[in-house]
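Enquirer: turn this into a model:
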Amino acid sequence: MPYFVYKITAGATPLFKDLTLLKRCDTFKDAKRFARSERAEHDADPATTIKVMFADTELQAEEQLLEAREAPVLREWEK
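Expert: The predicted model follows:
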């Protein structure tokens, strides 16, 4: 399965995100190296996030990125 590197920018509301596919890589090593270089370039922009997704297709990767996830529950000893 390939790795997809995405640039994520905040949309009009927190529920909407703008996804831009930057690169498709066959190995994690290449994807990680590319994502690190992109993060260094976009470091000044706090509204931009660079993520690597592992998925069968580009559509599946985008669905995983847009999936609403619940915040983790913090236990008393984790505070």
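Enquirer: excluding sequence neighbours, find me the nearest residue to the spatially most central residue of the chain.
Expert: Most central in the chain under CA atoms, centre = their mean is residue 51, positioned 2.6 Å from the mean C-alpha point. Leaving aside its sequence neighbours, residue 51 sits nearest to residue 6 (CB to CB, 6 or more residues apart in numbering; 5.3 Å). Every C-beta, even on glycine, is put in place using the N, C-alpha and C of the backbone.
Enquirer: so the one you found sits against residue 61, correct?
Expert: Yes - contact criterion CB atoms under 8 Å: residue 6 and residue 61 qualify, at 7.2 Å.
Enquirer: identify the contacts common to these two.
Expert: Counting by CB atoms under 8 Å, 6 or more residues apart in numbering, the shared contacts of residue 6 and residue 61 are residue 53.
Enquirer: now do the contacts for residue 9.
Expert: Neighbouring residues of residue 9 by CB under 8 Å, 6+ apart: 17, 18, 20, 47, 48, 49.
Enquirer: returning to what we had before: from residue 77, how far out is the residue nearest to the centre of the chain?
Expert: Look at residue 51 and residue 77: by CB to CB, to the nearest Å, they are 30 Å apart.
Enquirer: now do the strands in this structure.
Expert: Remark: strands assigned in the chain by DSSP state E are 3-10, 17-25, 48-54.
Enquirer: which of those strands is buried the deepest?
Expert: strand 3-10 (a mean of 19; mean count of other CB atoms under 10 Å).
Enquirer: so what strands line up beside it?
Expert: strand 17-25 (antiparallel), strand 48-54 (antiparallel) (DSSP bridges).
Enquirer: quick one: closest of those to residue 11.
Expert: Across the strands paired with strand 3-10, residue 11 has its closest neighbour in strand 17-25 (5.4 Å, CB to CB).
Enquirer: got the CA positions of stretch 19-30 in PDB?
Expert: Taking C-alpha atoms only, stretch 19-30 is exported to PDB below (Å, rounded to 0.1, in the frame of the first residue of the first chain):
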ATOM      1  CA  LEU A  19      -6.800  18.700   1.800                       C
ATOM      2  CA  THR A  20      -4.100  19.000  -0.800                       C
ATOM      3  CA  LEU A  21      -2.200  15.900  -1.900                       C
ATOM      4  CA  LEU A  22       1.400  16.700  -2.100                       C
ATOM      5  CA  LYS A  23       3.000  13.400  -3.000                       C
ATOM      6  CA  ARG A  24       2.400   9.700  -3.200                       C
ATOM      7  CA  CYS A  25       5.300   7.500  -2.000                       C
ATOM      8  CA  ASP A  26       5.900   3.800  -2.100                       C
ATOM      9  CA  THR A  27       8.000   3.600   1.100                       C
ATOM     10  CA  PHE A  28       7.500   5.100   4.500                       C
ATOM     11  CA  LYS A  29      11.100   6.300   4.500                       C
ATOM     12  CA  ASP A  30      10.500   8.500   1.400                       C
END
